[in-house]
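Pasting a predicted model and its sequence here:
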Amino acid sequence: MTDRKVRILLAKAGPDTHVRGLSILMSRLRDVGMETIYTGLYQSPKTIVAAALQEDVDFIFLSSHLGRHKALAADIMKLLKEKGVADRIALAVGGVIPKRDFAPLKEMGVTGTFQPHTLASKVIDFVNDYVTETDKKVG
Amino acid sequence: MVEETRTTVGGIPIKPVYTPDDVNDVDYKKEIGDPGVFPFTRGIYSGAKGVVFGQRPVLGFGLPEETNERIKYLLQYGMASPSGMPSYNLTMDMCSAYGYDSDDPRMAQFVGVNGPPCNSIRDSEAILEGIPIEGVYHGALSYAPNWRVAHYVAIADNRNIPRSNILGATLNDSLHGFIGEGLHLFPPKACLRLVVDTLRFVIENMPYFRACDVQAYSSREAGCTAAQEAAFAVADMIDVMQGCVDSGLSPDDVSPHMTFFFACYSDFFEEVAKFRAVRKVWAQVMRERFNVKNDKNLRMRIQVKTSANTLPAQYPQLNIFRAGLQAISAVFGGASGLNITCMDEAFSAPTEESARIALLTGKVIEHETGIAGVADPLAGSYYVERLTRDMEDAVWDYLKKIDEMGGYIAALERGYLQREIARVNVQESHDLDSGSKVVVGVNKFEPEDDDTDPIDIFDQDPMPTVKEMSRRLEKLRKERDNERVHEILSEFREAVKGDGYLMPIMVDAAKALCTTSEIFGTLKEELGEDHSCLVPPDWAKGA
């Protein structure tokens, strides 16, 4: 468990309005002391990355239910690299995502992939482990 | 100390055994009644008529032509409406649903995903290629403004087919989007106006077209309990009916157009009780509150699609069984029509194979089990009758609360409905973590982790669709009479501003090849937009 406040941007892109998962996560992440910021609907990779920078978050959680996660993640990662923050802001993707896309997403630099019905506790553990690990590296 | 009581999934207390004592207060004649008789607890037909199985999966993807092929493929396997007519249930891509044309750069990743794009009447014509207007029941899953319905009418007009010969249904229930999957565009009161506008048009022009299908399914999938699903659907339709009455329509004319689209989840008897209870509540509301005269118009017609949210990615083949069980409880509950959800819901849009299995699952129930041969076969069960009454009480409790707030729209505006759903969702998430609720494969008997998908998955690249649709749009804008388009859009804008009658102008706009974003854009500019649907979690804590 990490001591500092982790900041997470919860993001939706395009016309995808399935927000049940995000709304549950928002509540559960806050309950364990993390800070969450929600982008609102109809965002694009550009506006998501801009919000991530402005809010100085540790994580972007992209929620995707229309099958476009690979293209969206690729665009977000590209923008994070362009802004020079890819090592500081991590991207995780959750929603309707087949396992066959896990490897390509990891290759792009996506740190976590979550299918529907993932227990909230697993997501919380993932964030804590990741942040502890990164903080160790940074020193 | 917390006393441990067993409850249904939705929280209604249950006992280990039921006896005649549990139904002492339930009078058969008065409160249950025979099938086909008020208050319709036992079903809206006097016999076992009316259950049609798994025959209209929601479909659509890629180019209009690809969707057209999928429709024709499934028609071969007996895809039909509750009345047995050849039928399809079409959903558009989310870009069209939200009123964007395919060449809008913000939508590039989503064109033709989860439905075909529909930029103009030309796309509707391509979707319907080889499928006649007459003799087919057209399930067009669109919300108000009913641009899709305008397309059907325009196509019928162009082919000299009387409008009254168009059979089918549209959703037209924009008010449920606020508590469902978020599919709504305008502020609630503007949504109500558009819903009523469509109802008026359909009543005047298309008597056999169902113009209001309450999307209780979407709110259930967003997290509602069974009782909330039932209550919020009725509350929504009370506001819509009142809106119709306020604009001069008669409840007896409106009621036949209202159908209810419910989900069916896995708590077998709770779902049966939900369907039985909500039919009764509806009949009472229509009779007592709106003074509906004709008994026929007191009947709640229920369409069911089995749940998608209950079909996890783990062990997807198990989902065939889950969906089948849910379908059986919907049959016991007296659903008029039933769509069975495909097993690969957690992965992608369905493959042709999974869509076929879902369709045939219904056929197995229909032809092999014999459960549909007798109306309401669970009636008289001490448990089912008790649970039906408890469910009914729960629904009335919600309706009373919502009434006190000033109705469905008022409850929406103050966030009450959204908060209620968020509360259930967050609680369920805790229950899954603690293990007090079990979903096989999710938090118990989990499969070993590996990187392969257990079934074939539908795949699709939208980029060729975007390119092709953009090309067609460019062509359309060149070929059409742009002066006429401009004229109609101005007329439309004035009508929107001035509280005018919109559907007839939308039919003209469809004929003049106006595009989706031109119609929706005008509405967004004049009515304002409302994107609220995610509720801050603090609300769930009862702020």
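The structure has been received and is ready for your questions.

which bits of the stretch 301-450 of chain B sit near chain A?
B:309, B:312-314, B:346-349, B:422, B:425-426, B:429, B:432-433, B:439, B:442-443, B:450 (CB under 8 Å from any CB of the partner chain). C-beta coordinates here come from the backbone N, C-alpha and C atoms, glycine included.

Weed out the non-buried ones from the residues you listed.
The neighbour-count test (16 or more other CB atoms under 10 Å in any protein chain shown) marks B:309, B:312-314, B:346-349, B:422, B:425-426, B:429, B:432-433, B:439, B:442-443 as buried among those.

Which members of those are positioned in strands?
In strands, judged by DSSP state E, none of these are found.

the strands in the chain, which residues?
Because you didn't say which chain, this covers chain A. For chain A, strands defined by DSSP E occupy the ranges A:7-12, A:35-38, A:59-64, A:90-95, A:112-114.

wait, I meant chain B there
Going by DSSP E, chain B shows strands at B:58-59, B:87-91, B:137-141, B:167-170, B:209-210, B:212-214, B:258-264, B:301-306, B:337-339.

Go through those and name the closest to A:Asp135.
A:Asp135 lies closest to strand B:258-264 among the strands of chain B, at 43.7 Å (CB to CB).

tilt between the closest one and strand B:137-141?
Relative orientation of strand B:258-264 versus strand B:137-141 (axes from the mean of the first three to the mean of the last three CA atoms, to 10 degrees): 70 degrees.

For B:Ala346, which residues are in contact?
Contact criterion CB atoms under 8 Å, 6 or more residues apart in numbering or on different chains gives A:Val96, A:Gln115, A:Pro116, A:His117, B:Leu311, B:Pro312, B:Ala313, B:Pro316 as the residues in contact with B:Ala346.

a markdown table please, covering those and showing distance to B:Phe458 and pLDDT.
Output for these, formatted as a markdown table (distance: CB to CB, whole Å; pLDDT from 0 to 100):
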| residue | distance to B:Phe458 | pLDDT |
| --- | --- | --- |
| A:Val96 | 11 | 88 |
| A:Gln115 | 16 | 90 |
| A:Pro116 | 16 | 87 |
| A:His117 | 19 | 88 |
| B:Leu311 | 15 | 94 |
| B:Pro312 | 17 | 91 |
| B:Ala313 | 14 | 87 |
| B:Pro316 | 13 | 91 |
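
Once you drop chain neighbours, what's closest to B:Gln317?
Counting by CB to CB, 6 or more residues apart in numbering or on different chains, the nearest residue to B:Gln317 once its immediate chain neighbours are dropped is B:Met343, at 6.5 Å.

pretty sure that neighbour is touching B:Ser354, no?
Yes: B:Met343 lies in contact with B:Ser354 (CB atoms under 8 Å); the separation is 5.4 Å.

now the helices for the stretch 101-250 of chain B?
Using DSSP state H, counting those that start in this stretch, the helices of the stretch 101-250 of chain B run over B:121-127, B:147-158, B:188-205, B:216-221, B:226-246.

what distance separates the second one from the middle of the whole chain?
Averaging C-alpha coordinates over helix B:147-158 and over its chain gives two centres that are 21 Å apart (CA atoms, centre = their mean, to the nearest Å).

Also the longest one?
Centroid displacement of helix B:226-246 relative to its chain, using CA atoms, centre = their mean, is 14 Å.

Let me see the contact set for the closest residue to B:Val384 other than its chain neighbours.
Nearest residue to B:Val384, sequence neighbours excluded (CB to CB, 6+ apart): B:Leu378, at 4.6 Å. Contact analysis of B:Leu378 by CB under 8 Å, 6+ apart lists B:Phe269, B:Val272, B:Phe332, B:Val384.

Could you report the neighbour count for the last one?
To tie it back to what came earlier, the one meant is B:Val384. By other CB atoms under 10 Å in any protein chain shown, 21 other residues sit near B:Val384.

I figured it was touching B:Glu270, is that so?
No: B:Val384 is beyond contact range of B:Glu270, at 10.1 Å (criterion: CB under 8 Å).

Could you pull up the contacting residues of the residue most central in space within chain A?
Centroid check for chain A by CA atoms, centre = their mean gives A:Phe61 as the closest residue, at 1.9 Å. Contacts for A:Phe61 (CB under 8 Å, 6+ apart) come out as A:Ile8, A:Leu9, A:Leu10, A:Ala11, A:Leu22, A:Leu25, A:Ala92, A:Val93, A:Gly94.

Is it possible to get a markdown table of those that adds neighbour count?
Shown next, in a markdown table, are the contacts of A:Phe61 (neighbours: other CB atoms under 10 Å in any protein chain shown):
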| residue | neighbour count |
| --- | --- |
| A:Ile8 | 25 |
| A:Leu9 | 25 |
| A:Leu10 | 24 |
| A:Ala11 | 29 |
| A:Leu22 | 21 |
| A:Leu25 | 25 |
| A:Ala92 | 21 |
| A:Val93 | 25 |
| A:Gly94 | 22 |
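
now, which of those residues sits nearest chain B?
Nearest to chain B among the contacts of A:Phe61: A:Leu22, at 6.6 Å, using CB to the nearest CB.

distance of the closest one from B:Asp431?
Remark: distance between A:Leu22 and B:Asp431 (CB to CB, to the nearest Å) = 19 Å.

If you count neighbours, what's buried in the lowest-mean-pLDDT helix or strand in chain A?
The helix or strand of chain A with the lowest confidence, counting by mean pLDDT, DSSP states H and E, is helix A:120-138 at a mean of 89. Using 16+ other CB under 10 Å as the test for burial, helix A:120-138 gives A:Ala120, A:Ser121, A:Val123, A:Ile124, A:Phe126, A:Val127, A:Tyr130, A:Val131.

give me every residue that touches the first one.
Okay, so that is A:Ala120. Contacts of A:Ala120 by CB under 8 Å, 6+ apart are A:Ile24, A:Leu25, A:Arg28, A:Leu29, B:Ser429, B:Leu432, B:Asp433.

Most widely separated two among those residues?
Using CB to CB, the two most remote members of these are A:Leu29 and B:Leu432, lying 15.7 Å apart.

which strands and helices sit next to the helix of greatest length in chain B?
As assigned by DSSP state H, the longest helix anywhere in chain B is helix B:382-405. When contacts are defined as 3 or more CB pairs under 8 Å, 6 or more residues apart in numbering or on different chains; DSSP states H and E, helix B:382-405 sits against helix B:226-246, helix B:268-284, helix B:408-413, helix B:416-434.

Kindly recompute the last result at 6 Å.
Using 3 or more CB pairs under 6 Å, 6 or more residues apart in numbering or on different chains; DSSP states H and E, the elements in contact with helix B:382-405 are helix B:226-246, helix B:268-284.

Same list (those) but as a markdown table, adding mean pLDDT.
Below are the helices and strands packed on helix B:382-405 laid out as a markdown table (pLDDT from 0 to 100):
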| stretch | mean pLDDT |
| --- | --- |
| helix B:226-246 | 98 |
| helix B:268-284 | 98 |
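
Spell out which parts of chain B neighbour chain A.
Within chain B, the positions lying close to chain A (CB under 6 Å from any CB of the partner chain) are B:94-95, B:98, B:106, B:109-110, B:113-114, B:181-182, B:222-223, B:312-313, B:346-348, B:422, B:425-426, B:429, B:432-433, B:442, B:451, B:453, B:457, B:531, B:534, B:537, B:540.

residues in contact with stretch B:495-508?
With contacts defined as CB atoms under 6 Å, 6 or more residues apart in numbering or on different chains, stretch B:495-508 is touched by B:Ala150, B:Val153, B:Ala154, B:Asp197, B:Phe201, B:Ile488, B:Glu491, B:Phe492, B:Glu526.
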